[in-house]
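In: let's see this in three dimensions:
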Amino acid sequence: MSSPIYRVTRPGDEAQLLEIWRLAYDGDTACAELYFDRCYHPGDGITAEADGTLCSAIYLMDGYRIHLPGRPAESCTYLYALGTPAKYRGQGYGGRTIWHSGVEGYHRGTDWVCFLPASPSLYRWYARCLGTYTVFFRREFSVTGAEPVGTVTPISPQQYGELRERLLAGTPHAEQPLKALSLQAEFCRLYGGGLVGITLGDSRGVGAYDREGDTLTFRELLFPQGDSQLAARAVLAAEHAAAAQVRTPAFWHTSLGNVVDDNVLVPGGRAFPTTELPPYWGVSLD
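Out: From the prediction side, this is the model:
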């Protein structure tokens, strides 16, 4: 096989791109089809091509806005769904595909390019090979079920986004574009969950979750003015589930769980500003 070229995706690539996704993500076609139906346009991806065959791909999602205290909001591109089929791994295609997508993102004028590594070991690998470093962090904790304690109401992606920004106002965070929240809502519904508003007394928050068996995974839970564990349990009760894994901003609920690395920055623009509180990304379509 000849050395690959790295290029933006073109009309006619779709069948190969869907096959890359399927092979890279254990046969997953449902999420791939949702992304291609709801979000994708030719030119949204970077792919490695060798001898007419696509062997790695990743997608650029623009429209994110980074809010840091004392600064105007800045633009961000999110790199999503890196896929390299097994027979092409170990040759550096994936890393170089990410690098070229970062170059493309900055060339298009975004202030920042970020992505979420798929495992803790990859944080170290990307840092060593590409110079990436973590700029967003999240808190993770778990809860088990209890009696109903609040009101849980399904909400639209637009409602979710509006409430989300009110809840996160004044904090260092990434504002999610409507297309990302809409796709997350579809993924949540596909796996037995959804986007909800949660009310406990006078406190209100939002959550995005999916389900596997009796366990919920909150891709995001925002409940700054009340008890986040009770908020999660309210959803457990509504869903008749037994337990939940929860992600929330690292700067809230500091007595709970652990702080872990989240999205990393691809070098190519300016150094990411230092903030007093650890910046929060939120849902990552994972």
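In: please make it C-alpha for all contacts and neighbour counts, starting now.
Out: Noted.
In: buried ones in the longest strand along the chain?
Out: Assignment by DSSP state E gives strand 53-67 as the longest strand of the chain. Using 16 or more other CA atoms under 10 Å as the test for burial, strand 53-67 gives 54-67.
In: any idea where the helices of the stretch 51-200 of the chain begin and end?
Out: 93-107, 120-130, 157-168, 178-190 (DSSP state H, counting those that start in this stretch).
In: deepest of those, which one?
Out: Most buried of the helices of the stretch 51-200 of the chain, by mean neighbour count (mean count of other CA atoms under 10 Å): helix 93-107, with a mean of 21.
In: what angle separates it from strand 53-67?
Out: 50 degrees (axes from the mean of the first three to the mean of the last three CA atoms, to 10 degrees).
In: spit out the contact partners of the residue most central in space within the chain.
Out: Nearest to the geometric centre of the chain sits residue 284, at 0.8 Å (CA atoms, centre = their mean). Neighbour list for residue 284: 116, 219 [criterion: CA atoms under 8 Å, 6 or more residues apart in numbering].
In: could you dump the helices of the stretch 51-200 of the chain to JSON lines with distance to residue 84 and mean pLDDT?
Out: Shown next, in JSON lines, are the helices of the stretch 51-200 of the chain (distance: least, CA to CA, whole Å; pLDDT from 0 to 100):
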{"stretch": "helix 93-107", "distance to residue 84": "6", "mean pLDDT": "96"}
{"stretch": "helix 120-130", "distance to residue 84": "14", "mean pLDDT": "93"}
{"stretch": "helix 157-168", "distance to residue 84": "31", "mean pLDDT": "98"}
{"stretch": "helix 178-190", "distance to residue 84": "22", "mean pLDDT": "97"}
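In: which of these sits closest to residue 270?
Out: helix 93-107 (10.4 Å; CA to CA).
In: and that closest one, what other elements does it pack with?
Out: strand 45-50, strand 53-67, strand 74-83, strand 112-115, helix 120-130 (3 or more CA pairs under 8 Å, 6 or more residues apart in numbering; DSSP states H and E).
In: mind listing what's buried in stretch 139-146?
Out: 139-140, 142-146.
In: now pLDDT and distance to residue 213 too, for these, in JSON lines please.
Out: As requested, those are exported to JSON lines (pLDDT from 0 to 100; distance: CA to CA, whole Å):
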{"residue": "139", "pLDDT": "98", "distance to residue 213": "23"}
{"residue": "140", "pLDDT": "98", "distance to residue 213": "20"}
{"residue": "142", "pLDDT": "97", "distance to residue 213": "16"}
{"residue": "143", "pLDDT": "97", "distance to residue 213": "15"}
{"residue": "144", "pLDDT": "96", "distance to residue 213": "14"}
{"residue": "145", "pLDDT": "85", "distance to residue 213": "14"}
{"residue": "146", "pLDDT": "77", "distance to residue 213": "17"}
